[in-house]
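[1] coordinates only, sequence not included:
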């Protein structure tokens, strides 16, 4: 603290001045209680902030016993932060004044900017430009403000000052922000920093992530998100920060993606919300379904260590809550498995006759403090257990105090031996939200219902597994010809505009990235067809192709298993009749050799409006939309993304060799996924791709891409850094 | 009340005496405060019970100012209920005394019975026998007791007396019962009756359902269940009662069904918890995942009418919570669809510029009481809307009182015009659990989070749809030969014990119920095979059969598309080699004509240890366990169960005609499901059945059962009325 005070102001970045200010001006502080400016001023005063506070208001000379400045231009030099809470028409002038006086950062509470329409958006653009030009940073406009609990800065109009702690919180909704702060207080969850980011005209949640990465006060990050400004940046930051500081997010505002044109299978399947799930999973972000759950998880992860595995012990004095906990654990992928004989014997040695020494340990209603203490010590020190849920349901409320002492003693006893396994508790002592249990210097999170405890623990466990996993970068293949692939796409777009690639172009493009399609030749006469079929070798497949034909099998445009010239000629004539009936332009017949028996999979790429290219993998064939087995990852894939995609498919048992059938060449599928990811990352003009079916052949035989489609577009709306404004009309 | 008092005691049933007693003895009431008996006595006294209270205790002459009886035998005649809270060793004697004195019903609080092991179970059996012999009824043993809020009877040791209302509650866990009562109080949810059923030695939840069906005080039934005594009875009762009184249940204790032998596909797929889901869905029981959610739903359904459809309007003053509500609505199958032009115009006429008149109606932070009032009136009266979620997030807490008045006025205004559409509210005014909003004589449930409001409403909507549906009984086919089917099974069991049926037996059994299998003949020589194949007509399929062979395709035992004698003879020789390699006893080859292209489905039957026969339907083929598309219903199926099974399959789009292919003969599948259900209901010896694949052929062509397997067992553990005891070791 002393060091900081002695350091010259300029050695601190504008972000530091913003989030941990030593002096704060409140522009729009007024003598009328209840005005926003006055509420900010009061909050700052009553919060216990030790730094200088400067009210600014042309109508007053003194506010709350402090000298009031007529204009921000009169402020002393080196003010870290100015909070602006004046009517929107005066915000630009106030910002000008503050920046002219050398204020390093702004919080603009005032609403009436981009959230109201084009006029407000223009005003916001001007405001942001001023901030950027001055080298300052700004939170808002249209926000609740920010809080730093260490310096006791409440630069917001929240009447609640949350307890100090290690959880940082960013809320894209000011209204929810107020609720969230109340929840934090009621649940005893300590915060480091709270920021209501409002319209994100300058500081975004990504900026906050970067700040919190190096903030010694912050150990856990929680985010309430409605939109992503720059999702790729988010993913990259989250993946890096999540390795040391867990990130928990509620992402609302699921896009109803129906609007999007969905001409390829993959595009139809990639609904934005699934992509959010995929992004979070890949980046190790813990996704909470509700604000309440976000707090449940934040409590566990900020108060306790990460579990080393999935094996949970449950200690309870009542069967019902124990069963609820088991159910919720199993739903969440945790294992409430049997204890070893030794653990059971130890439990039996001190528990009474009626108790069950299985898992859950049901000590029955008569269990006292000592039973709790010893049972908790026992299961915490059992090697087969990674984490413990303690449940106490008071049968006689008069006993509760003693029992809680017993629970504390049990945890303390285990800790004394160096045991750090996580413990969470469900104390059904009162309908209200309970405070954490304090055990020495440690806090044990307490939940009202066993389900909450189990669910939080299961999400924390999944995060721990992600964090323990391999963080190798994506495999990059060097045998690729990026320049050629790009040139090919550019020339197609130059010649035909946005379009689907033709068979020969497809083959070339994929070949440039080491991806081979099952050989095939396009023919336009029966004689040439017969000639080529003899070269390929019978049996062959004949497929109708035409630039205007997207799904061949829908129009009966595929003939398989053609064994000789006669069958081939009949099929050719047949397909040409189909082409004529449909008036297909430039129709041809593609001949391919039959691919031996494999498992029909598919690899695809869609262009998500938010996330850019996403790579999909799953069951292939003509009915992929029915199967709904395709899962997605945002490109570029790292190796573990490719593995996860393969693991997620319902076809996994089949790929691994089901019922005595040969296992498929999974490494070949993995390589295909990574090559496709590299291709679409290097060549952004590729906006859709379906490799379907991809026949997964037995180990050593690779996979065969039987059919492929690629669509190019010139002005690709890939993720941009500019999209920080909120969608118009949303006042959150 | 007066009438009741004048009626002779004998005109009331023992269940009425138990659940609505006019006089209560407390056996084991003591002078020591804190003893269970004394706590029951105190609860009864302080609850405000107007009837007679008789403490019974040999050690006292007076307790709490009331004359104490030395023995229950001394009680005056005609006591309705005796609560027994003496040590377990004295319970039988106390029960004898009470029953001898003519007490009509018992609540046995004391633990130490079936939940502790075989000795306790025997004690419980004796206790139950005494009660039955006396024509009395009993709740417990090992329970918390019961509460009737109308008569203000607290015959339990719960210190909490819940508010009076129309929700009946049964808890199989005493410990959770205490928590549940606290929750009811904290949330302002009114109860009619609360019963902690303990070990269910006499009164089960089914008995309570029957009582509540005719209880004028009860409009909604809530159940916390850990096990079913008689699930078929439960389903039958629930289906009947649910048509007028919603039933909401938390069912915990998901069976880990790994233990069960799973030799057929269907049995392997039918995990008990899915069957519980199916049972609830079929019977219209609303399944809550947690106790908290049970209360969320009970609040909505007890305070508001049922929605007529799925279209929800959301009125909010903040975007964030509005978006959370939309997400949760859509997850729950509700539709937050656009308003008509007229509704939008009305909203626009009074809302301010910045407000959004779409759905959600986002009135922004400045919205006052009047905006709330008019917006609520408008959306409630909009024809396109079936229910409304009102969200209020205080920006300035000082305004909250006025805004709540505005919300009340809006609802009242709509009600004044006869509008009865349901309204639920999310008032983020405080971290604590909020009380319902009182609007005239009506109460509007209030939730802390928008997600809870939306989730409760979505479950209520699904229930409303069930209730509006067709309740026709199951189609019964009269062209069936039950006696012959039973005789066939009996003779097989007599000859071979429990076994799989052989092809000819299968064919006969199914034919008796009008179910035809694709014709086929078993042959044992190549010459006969060729002869029969010519009769059937080429192409044919040849399948290896043997009593010891369960899954043919696992052993490469199927040859399809055999076009002539030569191919057939080769296949026959091949299959016989396979049989030799595997040393299959009594191997033969089954010849069938090839079935034309259809959709591979399956129909199956498994015998669930709890529910008896369950019928499954879904995607068929060899990989059904991978597909995991099979859903279940408890037999006998009613017609809507069959429809639901077909609708639930992922193959539905294909059955309805996908991408230009012909739709399948769905009525034929439906008839097959209903015939199978009738067969297994009439012939309980059938414990497993796989009809797989069932080829669903185009409309008018029916379906072809290509392969079938049926297993018989003589001592079938079908659902029994006797299974009321709890599993040993569970002290809930």
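    Everything's here; your move. Here the structure is a predicted model, which is why all the values come from computation and not from measurement.
[2] every contact and neighbour count from this point should use C-alpha atoms.
    Noted.
[3] secondary structure element holding residue A:487?
    Assigning secondary structure by DSSP states H and E places residue A:487 in helix A:482-496.
[4] could I get the buried residue list for that helix?
    By 16 or more other Cα atoms under 10 Å in any protein chain shown, the buried positions in helix A:482-496 come out as A:482, A:485, A:486, A:488, A:489, A:490, A:492, A:493.
[5] nearest to residue A:558, of those?
    residue A:492 (26.7 Å; Cα to Cα).
[6] wait, residue A:249 sits on residue A:294?
    Yes: applying Cα atoms under 8 Å, one finds residue A:249 in contact with residue A:294, separated by 6.9 Å.
[7] how far is the helix or strand hosting residue A:424 from where the chain is centred?
    Using DSSP H and E, the element containing residue A:424 is strand A:423-427. Distance, stretch centre to chain centre, for strand A:423-427: 27 Å (Cα atoms, centre = their mean, to the nearest Å).
[8] ok, now stretch A:380-389?
    Using Cα atoms, centre = their mean, the offset of stretch A:380-389 from its chain centre is 30 Å.
[9] follow-up on the earlier one: contacts for the strand holding residue A:424?
    Contacts to strand A:423-427, defined as Cα atoms under 8 Å, 6 or more residues apart in numbering or on different chains, come from residues A:300, A:304, A:387-393, A:411, A:434, A:444-450, A:453, A:457.
[10] out of the residues you listed, which touch chain B?
    residue A:393 (Cα under 8 Å from any Cα of the partner chain).
[11] and the lengthiest helix in chain A, what does it pack against?
    Secondary structure assigned by DSSP state H gives helix A:450-468 as the longest helix of chain A. Secondary-structure packing of helix A:450-468 (3 or more Cα pairs under 8 Å, 6 or more residues apart in numbering or on different chains; DSSP states H and E): strand A:286-287, helix A:291-303, helix A:319-331, strand A:387-392, strand A:423-427.
[12] assumed residue A:687 was part of a strand.
    Yes: assessed by DSSP: H, G, I helix; E, B strand; the rest coil, residue A:687 belongs to a strand.
[13] that one: how many residues sit nearby?
    By the criterion of other Cα atoms under 10 Å in any protein chain shown, residue A:687 has 26 neighbours.
[14] can you check residue A:408 too?
    Per other Cα under 10 Å, the neighbour tally for residue A:408 reads 20.
[15] with adjacent residues omitted, what lies nearest to residue A:436?
    Spatially, and ignoring its direct neighbours in sequence, residue A:436 is nearest to residue A:445 (4.7 Å; Cα to Cα, 6 or more residues apart in numbering or on different chains).
[16] for residue A:427, see how far away that neighbour is.
    Look at residue A:445 and residue A:427: by Cα to Cα, to the nearest Å, they are 10 Å apart.
[17] cool, and residue A:591?
    70 Å.
[18] and what of residue A:501?
    Taken as Cα to Cα, the span from residue A:501 to residue A:427 is 63 Å.
[19] more neighbours, these two?
    Set residue A:501 next to residue A:427 and count neighbours by other Cα under 10 Å: residue A:427 wins out with 25 against 22.
[20] which strand residues bridge the more buried one?
    Assessed by DSSP bridges, residue A:427 has beta-bridge partners residue A:392.
[21] in terms of mean pLDDT, which of the helices and strands packed on helix A:450-468 ranks lowest?
    Among these, helix A:319-331 carries the lowest mean pLDDT, a mean of 88.
[22] contacts made by that one with the rest, please.
    Contacts to helix A:319-331, defined as Cα under 8 Å, 6+ apart, come from residues A:314-316, A:335-336, A:360, A:362, A:364, A:391, A:449-451, A:453-455, A:458, B:172-176, B:226, B:252-254, B:730-732.
[23] that one to helix A:450-468, inter-axis angle?
    30 degrees (axes from the mean of the first three to the mean of the last three Cα atoms, to 10 degrees).
[24] in three-state terms, label residue A:185 for me.
    Counting by three-state DSSP, the backbone at residue A:185 sits in helix.
[25] contact partners for it?
    Residue A:185 makes contact with A:160, A:161, A:162, A:163, according to Cα under 8 Å, 6+ apart.
[26] equivalent analysis for residue A:643, please.
    If a contact means Cα under 8 Å, 6+ apart, then residue A:643 has residue A:670 as its contacts.
[27] tell me the confidence at it?
    Here the pLDDT value assigned to residue A:643 is 91.
[28] and it, how close does it get to residue B:381?
    From residue A:643 across to residue B:381, the span is 53 Å (Cα to Cα).
[29] residue A:124 now?
    Using Cα to Cα, residue A:124 is found at 38 Å from residue B:381.
[30] higher neighbour count, these two?
    Neighbours were counted for residue A:124 and for residue B:381 using other Cα under 10 Å; residue A:124 has more, 26 against 19.
[31] hmm, residue A:113 and the more buried one touching each other?
    Yes: at 5.5 Å, residue A:124 and residue A:113 qualify as touching, with contact defined as Cα under 8 Å.
[32] common neighbours of those two, please.
    In contact with both residue A:124 and residue A:113: residue A:141, using Cα under 8 Å, 6+ apart.
[33] care to break chain A down by domain?
    If you go by automatic domain parsing, the domain ranges for chain A are A:3-218, A:305-467, A:498-593, A:599-712.
[34] worst average pLDDT in those?
    Among these, domain A:498-593 scores lowest, at a mean of 86.
[35] note down every partner strand of the helix or strand that the helix holding residue A:487 is followed by and its orientation.
    Moving toward the C-terminus from helix A:482-496, the next helix or strand (DSSP H and E) is strand A:499-500. If you go by DSSP bridges, strand A:499-500 pairs up with strand A:708-712 (antiparallel).
[36] tell me the SS of residue A:44?
    Three-state call for residue A:44 (three-state DSSP): helix.
[37] count the residues that sit near it.
    Residue A:44 sits with 26 neighbouring residues when counted by other Cα under 10 Å.
[38] list the contacts of it.
    Residue A:44 touches A:53, A:153, A:154, A:155, A:156, counting by Cα under 8 Å, 6+ apart.
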